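Visitor: I'd like to go over a predicted model; first the sequence, then the structure.
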Amino acid sequence: MNDWKRHGIPGRRFTTQIWIALIVGAFVASAAQALSAHAHFGPSNPFYAPSKLPFHAPPFNRIKDSDYQPAIDAGIARQNAEITVIANNPAPPTFENTLVALEKSGQLLDRVMEAFNCVTGANTDPELQKVQAYEAPRLAAAQDAIYLNTKLFARVKKIYEERASLHLDPESLRLVEYDYKEFVHNGANLSDADKARLKKLNEEDSSLSNTFMTKLLAATKAGAYSTTDPAALTGLSAAQMADARQAAGERKQKGWVLPLQNTTQQPDLTYLTNRATRQALFEDSWNRAERGDANDTRATIARLAQLRAQKAALLGFPNFAAWDLTDQMAKTPQAAEHFLDALVPAATAKAASEAKEIQALIDKQHGGFKLEPWDWEFYSEQVRKAKYDLDESEIKPYFELNNVLQNGVFYAAHELYGITFKERKELPVYQPDVRVFEVFDADGKPLALFYCDYFKRDNKNGGAWMDSLVTQSKLLGQLPVVYNVANFQKPAPGQPALLSYDDVTTMFHEFGHALHGMFADTKYPSLSGTQTPRDFVEFPSQFNEHWALYPAVFNHYARNYKTGAPMPAELVAKIRKAQTFNQGYELTELLSAAELDLQWHTLPVSAPLQNPDTFETEALRKTHLLISYVPPRYRSTYFLHIWANGYAAGYYAYLWTEMLDDDAFQWFEDHGGLTRANGDRFRRMVLSRGNTEDLAKMYSDWLGAQPSIEPMLKFRGLKETSGAK
Ligand SMILES: [Zn+2]
């Protein structure tokens, strides 16, 4: 699974996950205090006026690190002044003088923050990190200044209450509802006493989230498996042994250390032939945060679950998930649970058949023991080698980066949507590896700029992501400027960049987000492009991944970089088949984690403080997921996503968007596949619409039906089919 897309609009509204990271950074970086709060901001600053480059592209050739902080400070000050004017307007509130005015506010801050987020994510340095730490609390306060402004909320509320008689167009009506919900979601409707209570609960939540992160980090470090007996590690390669030796050295320990990964299953379990070692490593992982010591997270998460229920009750909801899902596509925890429950039978049946295959292998090789979770990775690797093996070195010559980009990613977009691309080497970039393409619509009109920054650097965050440098908005007269970042291995000078199939999928994925941003055709920046809920935002990206293996696309780009020969059919068949390996297990462990998340966050305020162990067992039993050989991908006590990373009540979204992308691709297959007619219809009804209408309605209007889980089961190989793929 690829990285979650990072969300855009940094000035007026921003999603929590980026800012949590920044705020945490602020607490640790005391050096930030050294920065001046009154650096000069004048016409010589490159952010002072809108960029004169095509598409208002950031003038990276003129931007110095020292330009960011004064521009951000000035941007915050200007936005605060703009908000004050809107809130204190003596004229009665109207859609224009309040909500449209809000949409127009914060443009300087947006301009600088979009560039700043780009460079701090993809090309950071100590000076930028200092600015980041310094500005994080100021940016959080700037957001509070909007949502806690009672005069402003009174205006928004009045417009909301009168919305039916305002004769607004549908997008404007959506903006009224969206803005009102955002304010209410943040507690604007509460009495002053309840606002104070909410503030206290929010502070406790963020402080406990921090405690959880600190404890988990220490617990994960302390939980590492260590040994002084090399025989215990039989099966590891020389390179893996060297890593384990080095990990021990870093901890000033003798022997070898296997550090823990975030997930329950550990990659080393694939190779360790010694069963007792496997069990010990697995148990180190499973019990990492339940040792009764200072790093035990049980009390922390029990209180977090309780206080979130209290927060929801204060805001008038039966539980935290009900509050959190109001602005999501699923809307209610019942809808999300119903969806997960429907996947359980097929997932667990497939996991059971995979377990049977593994048990047979165990019986044949040793006999006498029952498959346990610490055996799964080891024996499923043998199944993989026997039935699904892919030799990377055989495949990579067919996936040369530029060929994949131009003849695969761009080609699929051209066939579907008619768009074309022209490299613009004269536009400034923030690092020499970055490439810029101008994107033209089918009628030849300029549509967008697309930047790509694919190679790994040690000053770049891990993973891959998309974001915007300029957000499309007809109100602001802005065309989209978007970028993709990844971490592919950079080849030696003069050598071709050869990708793995995973890398190829990542390129299609991130470009799917890019299309969502580039096709945006909305009036208001708050509703534009990828500004959609987390249970929708991964849909266009995952949908775009499907074209990577689509024969007409695949055959167009998967060519040997030396000879131009197409990939041999048996190799293609292997890639295709590998997509269904171990899917029963993988879906089941994801479902278990998603169900745990929802169970924790649907606790009512009346529920007592929970014992996490009995709660977890009961939650899994209730959802038919208490399966000895498939533990949840994350146990409650080390489930970072839901306790500290902004995905509380939202882990289901990974699977929900997978349902949508498979379902949508099935529609394409049923209607002639890769055609302009199909692409244009999808663009018009979905990709261009951002968050301008109810997303469930947008989707079902396009499909002509409700989304179904059947295609998802088919593509994961959990269902017998006679069809292609
Ligand atoms: Zn994504």
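Guide: Thanks, I have it.
Visitor: Centre of the chain to the longest helix along the chain, how far?
Guide: In the chain, taking DSSP state H as the definition, the longest helix is helix 333-365. Between the centre of helix 333-365 and the centre of its chain there are 25 Å (CA atoms, centre = their mean, to the nearest Å).
Visitor: elements contacting it?
Guide: Counting by 3 or more CB pairs under 8 Å, 6 or more residues apart in numbering; DSSP states H and E, the packing neighbours recorded for helix 333-365 are helix 320-324, helix 373-387, helix 583-600, helix 653-670, helix 710-715. From N, CA and C alone the C-beta is placed, and that goes for glycine too.
Visitor: in the helix or strand following the second one, what counts as buried?
Guide: As assigned by DSSP states H and E, the chain's next helix or strand after helix 373-387 is helix 392-395. Buried residues in helix 392-395, counted by 16 or more other CB atoms under 10 Å: residue 395.
Visitor: got the CA coordinates for helix 392-395 in CSV?
Guide: Output in CSV follows, covering the C-alpha atoms of helix 392-395 (Å, rounded to 0.1, in the frame of the first residue of the first chain):
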residue,chain,number,x,y,z
GLU,A,392,13.4,-8.6,-9.9
SER,A,393,16.5,-8.6,-12.1
GLU,A,394,14.6,-10.3,-14.9
ILE,A,395,11.8,-7.7,-14.7
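Visitor: thinking again about what came up before, of all the helices and strands packed on helix 333-365, which one is nearest the ion?
Guide: helix 653-670 (8.8 Å; CB to the ion).
Visitor: quick check: mean pLDDT across the longest strand anywhere in the chain?
Guide: For the chain, the strand with the greatest residue count under DSSP state E is strand 446-455. Average pLDDT, strand 446-455: 98.
Visitor: just stretch 270-283 next, same as before
Guide: For stretch 270-283, the mean per-residue pLDDT is 97.
Visitor: do stretch 407-420 as well
Guide: Stretch 407-420 carries an average pLDDT of 98.
Visitor: Need the three-state assignment for residue 443.
Guide: For residue 443, the assignment made with DSSP: H, G, I helix; E, B strand; the rest coil gives coil.
Visitor: Roughly how far does it sit from residue 419?
Guide: For residue 443, the distance to residue 419 equals 10 Å [CB to CB, to the nearest Å].
Visitor: Which one's more surrounded, the two?
Guide: Between residue 443 and residue 419, counted using other CB atoms under 10 Å, residue 419 has the larger neighbour count: 21 against 7.
Visitor: Which residues lie in contact with the more buried one in this structure?
Guide: By CB atoms under 8 Å, 6 or more residues apart in numbering, the contact set of residue 419 is 413, 439-442, 447.
Visitor: could you flag which of those residues are buried?
Guide: Among the contacts of residue 419, the ones that count as buried by 16+ other CB under 10 Å are 413, 439-440, 447.
Visitor: between these, which is nearest residue 628?
Guide: Comparing the buried ones among the contacts of residue 419 against residue 628 with CB to CB picks out residue 413 as the nearest, at 46.0 Å.
Visitor: Now mean pLDDT too, for the helices and strands packed on helix 333-365, in CSV please.
Guide: Output for the helices and strands packed on helix 333-365, formatted as CSV (pLDDT from 0 to 100):
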stretch, mean pLDDT
helix 320-324, 97
helix 373-387, 93
helix 583-600, 98
helix 653-670, 97
helix 710-715, 96
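Visitor: returning to what we had before: neighbouring strands of the longest strand of the chain in the sheet, and parallel or not?
Guide: When pairs are called by DSSP bridges, strand 446-455 turns out to pair with strand 435-440 (antiparallel), strand 481-488 (parallel).
Visitor: Pull the number of nearby residues for the single nearest residue of the stretch 501-650 of the chain relative to the ion.
Guide: Residue nearest to the ion within the stretch 501-650 of the chain: residue 541 (4.2 Å; CB to the ion). Counted with other CB under 10 Å, the neighbours of residue 541 add up to 25.
Visitor: Now the longest helix of the chain: buried residues?
Guide: Using 16+ other CB under 10 Å as the test for burial, helix 333-365 gives 333, 335-337, 339-340, 343-344, 346-348, 350-351, 354-355, 358-359, 361-362.
Visitor: and it, what's its mean pLDDT?
Guide: Helix 333-365 shows a mean pLDDT of 96.
Visitor: List the contacts of stretch 228-241.
Guide: Residues outside stretch 228-241 that contact it (CB under 8 Å, 6+ apart) are 227, 244, 254-256, 258, 268, 271-274, 276-277.
Visitor: Following element in sequence after the longest strand of the chain, please.
Guide: Sequence order places strand 465-470 as the next helix or strand after strand 446-455, per DSSP H and E.
Visitor: Next, see if that next one gets close to the ion.
Guide: No - between strand 465-470 and the ion, judged by CB under 5 Å from the ion, nothing touches; the nearest distance is 7.0 Å.
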